[in-house]
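Undergrad: here's my sequence, what's the structure:
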Amino acid sequence: MDESVVVSPDWLAANRDRPDVRPVDVRDAWEFDAIGHVPGAASIPFDSYRDDSDVDRGTLPGADAFGSLLSTAGIDPDDTLVAYDDTHGVFAARFYVTALEYGHDDVRLLNGDYSAWSRAYETTTAATEFEATSYEPHPLGREESPLVGCEAVETARERDALLVDTRERDEFAEAHLPGAVRFDWREAVDDETRRLLSEAEFEALLESHGITRDREIVLYCNTARRISHTYVVLRALGYEDVAVYEGSLTEWLAMDGEIETGAP
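TA: Residues are numbered from 1 along each chain as shown. Now for the predicted structure:
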């Protein structure tokens with residue numbers, strides 16, 4: 001997969017001593033402190049860059065709040081950020097999408113998670129200290145951003161875009177967007193190794209769901225967490241026409257959007 005999007009623990013180990021490579025741990029602070037973390041990692045817990053009050057769009061925290069988080073963590077705009085969690089990358093992927101939306105050019109997802117790293121490399125419980133920076137976000141314009149709203153989804157449906165629901169079977173059966181196909185984000189992960197499937201395996205899996213490079217793809221879930229993981233993986237595979245419905249089904253239902261029920 002494209003190493004400008006997804007990197008292996010081996011890559012991070014080989015590049016961790018570079019001053020511009022910054023591991024970002026998005027687990028809870030107690031996990032960072034008590035269980036351990038990648039040496040040199042900054043702790044930016046998931047809840048700190050998620051805001052359900054719709055201060056921006058969906059659960060985005062707002063540019064000022066995100067800039068403050070990165071400033072406190074001593075991050076510069078030119079740094080290479082490598083995000084990880086211990087939940088197969090789904091929370092780290094949300095950090096990836098958030099950083100991308102606020103204009104950070106080089107952010108990557110660790111293939112695997114903290115468990116995958118700790119099986120092969122050293123960890124530490126030592127506190128990490130950074131000198132604060134003055135990080136200024138530069139949010140993407142609507143034309144550049146992969147994030148779309150309800151109206152854009154309606155328009156995409158008219159163009160026969162492929163709507164991809166990344167939730168579990170029971171959730172899909174209860175309510176989903178009309179014509180959507182279901183692709184559980186966890187299908188991309190090997191539970192034993194905790195890493196992503198190989199590129200060939202993943203391409204075959206996507207094709208079995210009708211998710212192909214020639215289609216315009218719109219991803220959704222409930223609150224834009226799970227779609228973030230699928231978006232990152234598709235981006236790493238070189239899929240270009242992929243949109244993230246930030247409001248997802250939560251917004252769609254609130255707007256009285258048309259739904260279907262039943263198992264896939």
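Undergrad: for the closest residue in space to Tyr121 that isn't next to it in sequence, give its distance to Trp185.
TA: Ranked by C-beta to C-beta, 6 or more residues apart in numbering and with sequence neighbours excluded, the top spatial neighbour of Tyr121 is Ala13, at 5.2 Å. Backbone N, C-alpha and C define where each C-beta goes, glycine included. According to C-beta to C-beta, to the nearest Å, Ala13 stands 26 Å off from Trp185.
Undergrad: which one of the two is surrounded by more residues?
TA: Using other C-beta atoms under 10 Å as the criterion, Ala13 and Trp185 rank with Trp185 on top: 24 against 14.
Undergrad: give me the pLDDT value at that one.
TA: On the pLDDT scale, Trp185 is placed at 96.
Undergrad: what are the ranges of the helices in the stretch 101-250 of the chain?
TA: Counting by DSSP state H, counting those that start in this stretch, the stretch 101-250 of the chain has helices at residues 114-120, 150-158, 169-174, 199-208, 226-236, 248-254.
Undergrad: give the other helices and strands that the fifth one contacts.
TA: If I follow you right, that is helix 226-236. Secondary-structure packing of helix 226-236 (3 or more C-beta pairs under 8 Å, 6 or more residues apart in numbering; DSSP states H and E): strand 6-7, helix 90-101, strand 217-220, strand 242-245.
Undergrad: need these in TSV (columns: mean neighbour count, mean pLDDT and distance to His37).
TA: Listed next are these as TSV, based on neighbours: other C-beta atoms under 10 Å; pLDDT from 0 to 100; distance: least, C-beta to C-beta, whole Å:
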stretch	mean neighbour count	mean pLDDT	distance to His37
strand 6-7	24	97	17
helix 90-101	25	97	13
strand 217-220	26	98	29
strand 242-245	22	97	28
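Undergrad: which one, of those, ends up nearest to Phe46?
TA: Proximity to Phe46, assessed across the helices and strands packed on helix 226-236 by C-beta to C-beta, is greatest for helix 90-101 (4.6 Å).
Undergrad: can you list contacts of stretch 108-120?
TA: Applying C-beta atoms under 8 Å, 6 or more residues apart in numbering, the contact partners of stretch 108-120 are 1, 3-10, 12-13, 23, 25, 27, 35-38, 80-89, 92-93, 96, 123, 193-196, 232, 236.
Undergrad: narrow those residues to those that are buried.
TA: For those, a burial check counting by 16 or more other C-beta atoms under 10 Å picks out 1, 5-9, 12, 23, 25, 27, 36-38, 80-89, 92-93, 96, 194-196, 232, 236.
Undergrad: dump the residue contacts of the residue nearest in space to the middle of the chain.
TA: Taking C-alpha atoms, centre = their mean, the centroid of the chain lies closest to Ala93, which sits 2.2 Å from it. If you count contacts by C-beta under 8 Å, 6+ apart, Ala93 has them with Ala83, Leu109, Ser228, His229, Tyr231, Val232.
Undergrad: and the fourth one, what does it touch?
TA: Read that as His229. Residues near His229 by C-beta under 8 Å, 6+ apart: His88, Gly89, Val90, Ala93, Arg94, Thr166, Trp185, Ala188.
Undergrad: closest one of these to Tyr220?
TA: The closest of those, once distances to Tyr220 are taken by C-beta to C-beta, is Thr166, at 7.3 Å.
Undergrad: hmm, the closest one is touching Val218, no?
TA: No: using C-beta atoms under 8 Å as the test, Thr166 is too far from Val218 to be in contact (11.1 Å).
Undergrad: pretty sure Val107 sits against Asp78.
TA: No: taking contacts as C-beta under 8 Å, Val107 lies outside contact range of Asp78: 11.8 Å.
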